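>>> Predicted model and sequence follow; I will ask about them next.
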Amino acid sequence: MKKLLIAALFIFSSVAVFAQAGKEKSKAKEKGKPATEKVKKQTDNDADNGNKQDADGKQTGNTKTRVNLPTKVKSSFAAEYPNAANATWTKNRGDWTVVFGNGVWRSTATYHSNGDRVDTRTPMTREQAPRPVLDEILRRYPKQNPKDIIKIEKPKNPNLFQIIVEEAGKKRTLLLDETGKLVSEQ
């Protein structure tokens, strides 16, 4: 009797598991239909703007766009960085972040949903940094070599340079303007 009860319980649980798996597949199919239509509409719009995607929504042009990317954000980015290559968009806390090719470097720009740019960050070599910035770093830390230099561009504000130096095993982050004036130190 116990064997029969255990066998029945096993069969019942197997049927329940397979039924749920089938239900998930049908939901995935239903969810996929509208998304495909959205991708198709987005592809048509992108083709008009010079961005090309194949039927699967894969990138064939110079930008990758998410289906729900606001038009204001997309147009602001296109106006500010017309030569951007291989752009990849993500959304974090309501803001849109794009990582894109900007010449030799990969830059990161952040936009509010209304299309206003927050900032753009671009890594650079020591040779590319402005001379006053390097002079100030070498004056403050003569024995240290700057590890990372990042140019921070904010609309309607002067460019800033974030420099990370290591002193006695501790990393220090310095923020300087183009003239070499220290803005903050952490």
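Right, received. Where do you want to start?
>>> can you pull the buried residues of stretch 117-129?
Using 16 or more other Cβ atoms under 10 Å as the test for burial, stretch 117-129 gives 117, 120-122, 129. In this view, the C-beta of every residue, glycine as well, is placed from N, C-alpha and C.
>>> Go through those residues and flag which are in strands.
Among the buried residues of stretch 117-129, the members falling in strands (DSSP state E) are 117, 120-122.
>>> Which of those sits closest to K3?
The shortest approach to K3 among these belongs to R121, at 67.2 Å (Cβ to Cβ).
>>> residues contacting that closest one?
By Cβ atoms under 8 Å, 6 or more residues apart in numbering, the contact set of R121 is 107-109, 150-153, 162.
>>> so where do the helices sit in the protein?
2-48, 71-80, 131-140 (DSSP state H).
>>> Going by mean pLDDT, which of those helices comes out lowest?
Across the helices of the chain, helix 2-48 has the smallest mean pLDDT, namely a mean of 52.
>>> that older thread, in CSV: the buried residues of stretch 117-129, plus distance to K181 and pLDDT.
Output for these, formatted as CSV (distance: Cβ to Cβ, whole Å; pLDDT from 0 to 100):
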residue, distance to K181, pLDDT
R117, 24, 95
T120, 21, 96
R121, 20, 96
T122, 20, 95
A129, 14, 89
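>>> Mark out where each domain of the chain begins and ends.
Following automatic domain parsing, the chain resolves into domains at 1-58, 62-118, 125-185.
>>> returning to that earlier point: among the buried residues of stretch 117-129, which one sits closest to N102?
N102 lies nearest to T122 out of the buried residues of stretch 117-129, by Cβ to Cβ, at 6.1 Å.
>>> my read: the closest one touches N159, true?
No: with contact defined as Cβ atoms under 8 Å, T122 does not count as touching N159 (9.9 Å).
>>> Return every residue with contacts to both of these two.
By Cβ under 8 Å, 6+ apart, the residues touching both T122 and N159 are 151, 153.
>>> got the contact list for T173?
By Cβ under 8 Å, 6+ apart, the contact list for T173 reads 162-164, 185-186.
>>> and with 6 Å instead?
T173 is in contact with 164, 186, counting by Cβ atoms under 6 Å, 6 or more residues apart in numbering.
>>> swap in K72?
114-115.
>>> Do I have it right that D95 meets T108?
No: judged on Cβ atoms under 6 Å, D95 makes no contact with T108 at a distance of 11.7 Å.
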